[in-house]
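S.K.: I would like the atomic coordinates for the input below:
(one chain, ligands or ions: 1)
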Amino acid sequence: MRECAFFFYCEEEFCKNVSFLSLFEKSSRERRKFFEFFCFLHFLLSFTLFFFPKMRFALWATAAKITATRTTTTTTTTVRLTKRAVASSSSSSSVFFFANRCRPRPRRRDGILLRCRALATRDDDGADFPAYAPKPFFAFEVLHQSKRSLARVCQITTPHGTIKTPAFVAVGTQGALKAVPHSVLDDANLDLMFANTYHLLLQPGHEHLRKAGGIHEFIGRNRPTISDSGGFQVFSLGLDADELENKSPNGKKSNDDKGERNHGGTGTKELKSRGVTKHKQQNLLEKVEEDGVTFRSYRDGTTLKLTPESSVQAQKNIGCDIILPLDELTKYDISLQELSESVDRSHRWETRSLREHLKNVKEQAMYAIIHGGVDERLRKKSVEYLTSLPFDGYAIGGSLGKNREELKQLLEFLMPILPRDKPNHLLGIGDLPSIAHGVRMGIDSFDSAYPTQIARHGTLLSENGPINYRKSEFREHFGKPAEILGSSNGDDECQCLLCRKHSLSYLAHLDRANEPMAWSLATEHNLHFMGRTMEKHRQAILNDEI
Ligand SMILES: [Zn+2]
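M.R.: Alright, predicted model coming up:
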């Protein structure tokens, strides 16, 4: 009888014909060789799995036929099954079976407890989120998908009316548009208004808004509103002016003439400058912990703490139709490791925010905020994690790049992997070239203080680019502003008060005389311009031109 230790792979005639049962009839030497080989393989596998937990996760995921994303904290490692994975498996119960059979046991290693849980299956222990269910008060409908790009015309239904998309969202930081009443938005064909939780927390306070019956009652606007978590302004307090300009979508530097950068802002720079002046350049951002972020009020120095739960509670009292979870604002040029840790923290905070929101939905929808800076791997991870949770839509936040080109590259990567059955929102972007590109990439809404902010600083938006109305050449321009601002013919003519009744000469005079009406006229014109621009985008999509 021939001896062969590797009969499973041996090409000899004997080994090809040997059956598993016949092994036990062979000589004791053959059985010993087989046993030794089996033990060697077992040892190798055990050694690998023991010292390489990542491989253990991979094997576990493979065995359960799922894709898995892993979030790591200082204390806990969690494996999350994505909804897509559950859907692609033969049944959720089989996934759960594998998850329980194959998951690594809790193990203390280097002081870190590795704990694995299958979270996103419907067969879970009930401690986690239910699958997303449509809500009667919030609906999203794609009216037309362009045949030429990802661009689409949609309609979002909220308790306070519908939003036509692609939409520009005007920023009413303190529950008010600076220099103009809210009714201007209706005239300008802009459906949605943005309110900043941070400012409303400090003045008049979210309890005050609750007593008033919510923001719609308080400000007298029965149209859709959206609020942020307050986190952006709080984290902005810890950055210097240059960092603010470079590292976040809402704080991008304005460069009116060249237009090389994205434009945004929710009054953060104004807030920062006020805080720095009042508190003698002290840092108002005190500490960032796992629980939340502690800061001092720029108004009176009071120490306050914002947690995911308190932010959601404040937004419940404010009462906007769409709310956002607390997330972490990071600088643009941090290391990949720091960015990765920040993304994980934002994910944990967003999960806690969603949990708090679902305790009492109150006819509000909550968008997740996709993070990851300009790193494609982290963005993809953020999309996979957040789309497995029952959010109503997705906002794109975090650092969106240092210039328009980086934003473009980011959207070209990100938009094709974002779910198409829910609305999305690009945070803090309001310059016209970025909006045009975002529309082609399928962005549904954009918010920015840019159009209203530049209006108060001497700039009108026009078909020919931004126009500085303080220039001497306009001091004696007595004709219709449309001659300079474009669109002077037919139905496309701007219907703002400035373009209908006044001249650039009058506007320049009011501005030089420091009359607040100058800011009102310019702001109203820029909002009308944004409304007409978005309407043109919608028409172009309906005609399959973009
Ligand atoms: Zn106008």
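S.K.: Pull the number of nearby residues for the residue of the stretch 151-300 of the chain found nearest the ion.
M.R.: Among residues of the stretch 151-300 of the chain, the one nearest the ion by C-beta to the ion turns out to be Ala188. It sits 9.5 Å away. Yep, even glycine has a C-beta here, placed from its N, CA and C like the rest. Neighbouring residues of Ala188 were enumerated by other C-beta atoms under 10 Å; the total is 26.
S.K.: That one against Asn526, yeah?
M.R.: No - with contact defined as C-beta atoms under 8 Å, Ala188 does not reach Asn526; the gap is 9.1 Å.
S.K.: Is it correct that Ile226 falls within a strand?
M.R.: Yes - secondary structure of Ile226 (DSSP: H, G, I helix; E, B strand; the rest coil): part of a strand.
S.K.: give the contact list for it.
M.R.: Ile226 makes contact with 169, 192-195, 320-324, 425, 447 under the criterion C-beta atoms under 8 Å, 6 or more residues apart in numbering.
S.K.: Return, as residue ranges, the portions of the stretch 201-350 of the chain with sub-threshold pLDDT.
M.R.: For the stretch 201-350 of the chain, residues meeting the criterion pLDDT under 70 lie at 238-282.
S.K.: Domain-wise, how is this structure divided?
M.R.: The chain breaks down into these structural domains: 1-51, 139-455, 459-522 (assignment by automatic domain parsing).
S.K.: Can you tell me which of those is packed in deepest?
M.R.: With neighbours taken as mean count of other C-beta atoms under 10 Å, those reach their highest mean count in domain 139-455, at a mean of 20.
S.K.: pLDDT score for Arg105?
M.R.: Arg105 carries a pLDDT score of 42 in this model.
S.K.: Dump the domains of the chain into TSV; add distance to Pro130 as well.
M.R.: Conversion of the domains of the chain to TSV gives the following (distance: least, C-beta to C-beta, whole Å):
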stretch	distance to Pro130
domain 1-51	34
domain 139-455	6
domain 459-522	45
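S.K.: And Lys402, how far from Gly373?
M.R.: Taking C-beta to C-beta, to the nearest Å as the measure, Lys402 falls 10 Å from Gly373.
S.K.: Which neighbours do these two have in common?
M.R.: Between them, Lys402 and Gly373 share these contacting residues under C-beta under 8 Å, 6+ apart: Tyr332.
S.K.: Would you mind measuring from the residue lying closest to the residue of the stretch 151-300 of the chain closest to the ion once chain neighbours are set aside to the ion?
M.R.: Residue nearest to Ala188 in three dimensions, not counting chain neighbours: Gly531, with 3.8 Å by C-beta to C-beta, 6 or more residues apart in numbering. In this structure, Gly531 lies at 10 Å from the ion, with C-beta to the ion, to the nearest Å as the measure.
S.K.: ok, now Arg500?
M.R.: Counting by C-beta to the ion, the gap from Arg500 to the ion is 8 Å.
S.K.: so that residue sits in a strand?
M.R.: No - going by three-state DSSP, the assignment for Arg500 is helix, not a strand.
S.K.: Quick check: chain neighbours aside, which residue is closest to it?
M.R.: In space, and not counting its chain neighbours, Arg500 is closest to Cys494: 7.9 Å by C-beta to C-beta, 6+ apart.
S.K.: my read: that neighbour touches His528, true?
M.R.: Yes - the pair Cys494 / His528 is scored as a contact, 5.3 Å apart, by C-beta under 8 Å.
S.K.: quick one: contacts for Val374?
M.R.: So Val374 contacts 399-401, 406, 409-410 (C-beta under 8 Å, 6+ apart).
S.K.: Closest one of those residues to the ion?
M.R.: Taking C-beta to the ion as the measure, the ion sits nearest to Leu400 out of these, at 29.3 Å.
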